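Novice: The following block contains a protein sequence and its predicted model.
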Amino acid sequence: MRLALLLLLVPAVAHAQDEFEIQVYDVATAHQGEPGIELHINEHLFHGRADETHTTFEPHYGLRDWLELGGYLQSSVANGEHYEFAGAKLRLKARMPQRYWDGRIGLAVNGELSIIPSQFEPAVYGSEIRPIAELRSGRLFAAINPVVTVDLAGDLAGHPQLEPCAKVAVFVSESIGLGVEAYGAFGPIDDLGSEEVERGFVTFDYLGRAVDLDVGVGANHGSEDHPVFKLILGIHP
């Protein structure tokens with residue numbers, strides 16, 4: 001809990017925060033040969049401007065029990081009127097087959113390449129490395145993703161940027177959890193804290209046999225969109 005609260009207070013760069021995939025990764029990967037899909041819907045309410053809905057379809061496939069291939073197709077609708085294609089990403093997620101500390105701790109890493117239209121990401125071409133560490137102990141779940149992104153074009157090309165996020169949840173039953181999430185973006189590692197934005201969410205999670213649901217409401221400090229509603233629907237065999 002302290003980790004999540006500290007991240008909420010970290011200064012961050014506004015443009016670096018992902019407006020389409022607002023998610024803290026766990027270490028789980030699909031079983032070999034198993035397909036699945038996630039739907040991400042984020043509603044951003046802007047002060048003095050129209051609202052904007054971001055939708056992402058994320059299919060994935062288990063290459064091995066420990067290795068998952070996935071992709072993203074993103075779209076945006078402003079004020080319920082204008083549909084825009086908002087880019088595509090390709091990702092590969094690998095997890096350590098074994099868990100540590102008597103099965104409580106799991107580790108994984110996710111890598112991404114992206115092509116995003118310039119109105120959403122000025123650099124257009126980007127990459128991401130997302131280390132993942134999670135703790136599961138009784139009813140407690142916690143995860144941290146110290147994400148490092150690198151623009152492949154634009155003014156910050158080749159400059160790693162640190163964008164950590166974290167989640168803490170308590171499961172009141174095997175399938176229902178209540179939690180908090182925190183997101184930050186420090187900016188380029190060689191110029192940390194050059195701007196200030198914080199984002200925090202309160203979340204509800206449902207883990208079913210074939211369907212998962214993550215719903216959250218959050219707020220930003222230091223940027224125009226406030227509040228933000230998010231929904232992630234996952235379907236798997």
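Specialist: Done, it's in. Remember, predicted model here, so these are calculated numbers, not experimental data. Numbering: from 1, shown residues only.
Novice: does the residue lying farthest from the centre of the chain count as helix, strand or coil?
Specialist: Relative to the centre of the chain, the most outlying C-alpha is that of residue 102, 27.4 Å out, by C-alpha atoms, centre = their mean. Per DSSP: H, G, I helix; E, B strand; the rest coil, the secondary structure class of residue 102 is coil.
Novice: Check it and give its pLDDT.
Specialist: Per-residue confidence at residue 102 stands at 96 (pLDDT).
Novice: just residue 14 next, same as before
Specialist: According to the predicted model, the pLDDT of residue 14 comes to 39.
Novice: any low-confidence regions in the chain?
Specialist: Within the chain, the stretches falling below the threshold (pLDDT under 70) are 1-16, 47-50, 193-197, 222-225.
Novice: show me where it has strands.
Specialist: With strands called from DSSP state E, the chain shows them at 35-46, 52-64, 67-78, 82-95, 105-115, 125-137, 140-151, 161-171, 176-183, 187-188, 198-207, 211-221, 225-235.
Novice: Using CSV, write down the CA coordinates of the last one.
Specialist: What follows is the C-alpha trace of strand 225-235 in CSV, where atoms were taken according to Å, rounded to 0.1, in the frame of the first residue of the first chain:
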residue,chain,number,x,y,z
ASP,A,225,-8.3,15.0,-18.5
HIS,A,226,-10.1,14.5,-15.2
PRO,A,227,-11.7,12.2,-14.2
VAL,A,228,-10.9,9.0,-16.1
PHE,A,229,-13.1,5.9,-16.2
LYS,A,230,-11.6,2.6,-17.4
LEU,A,231,-13.0,-0.9,-18.1
ILE,A,232,-11.0,-4.0,-19.2
LEU,A,233,-12.9,-7.1,-20.2
GLY,A,234,-10.9,-10.2,-20.8
ILE,A,235,-12.2,-13.4,-22.4
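Novice: Would you mind confirming that residue 218 is in contact with residue 182?
Specialist: No. Residue 218 sits out of contact with residue 182 when judged by C-beta atoms under 8 Å, with a separation of 9.2 Å. (C-beta placed from N, C-alpha, C; glycine too.)
Novice: Would you mind listing the residues touching both of these two?
Specialist: For the pair residue 218 and residue 182, residues contacting each of them under the criterion C-beta atoms under 8 Å, 6 or more residues apart in numbering are 199, 200, 201.
Novice: Okay, and the beta partners of the first one?
Specialist: It refers to residue 199. residue 183, residue 220 (DSSP bridges).
Novice: What separation do you get for residue 192 and residue 162?
Specialist: To residue 162, residue 192 is 7 Å away according to C-beta to C-beta, to the nearest Å.
Novice: Between these two, point out the one with more neighbours.
Specialist: Remark: of residue 192 and residue 162, residue 162 carries more neighbours, 19 against 14, as counted by other C-beta atoms under 10 Å.
Novice: is that one in a bridge, and if so with what?
Specialist: In this structure, residue 162 bridges to residue 148, residue 187 when assessed by DSSP bridges.
Novice: Let me see the backbone angles for the residue farthest from the centre of the chain.
Specialist: When quoted as degrees, to the nearest 10, the phi and psi of residue 102 stand at phi 60, psi 40.
Novice: next one: stretch 43-60 to chain centre, how far?
Specialist: 14 Å (C-alpha atoms, centre = their mean, to the nearest Å).
Novice: Could you check that stretch and say which residues are buried?
Specialist: Judged by neighbour count (16 or more other C-beta atoms under 10 Å), stretch 43-60 contains these buried residues: 43, 44, 52, 53, 54, 55, 56, 58, 60.
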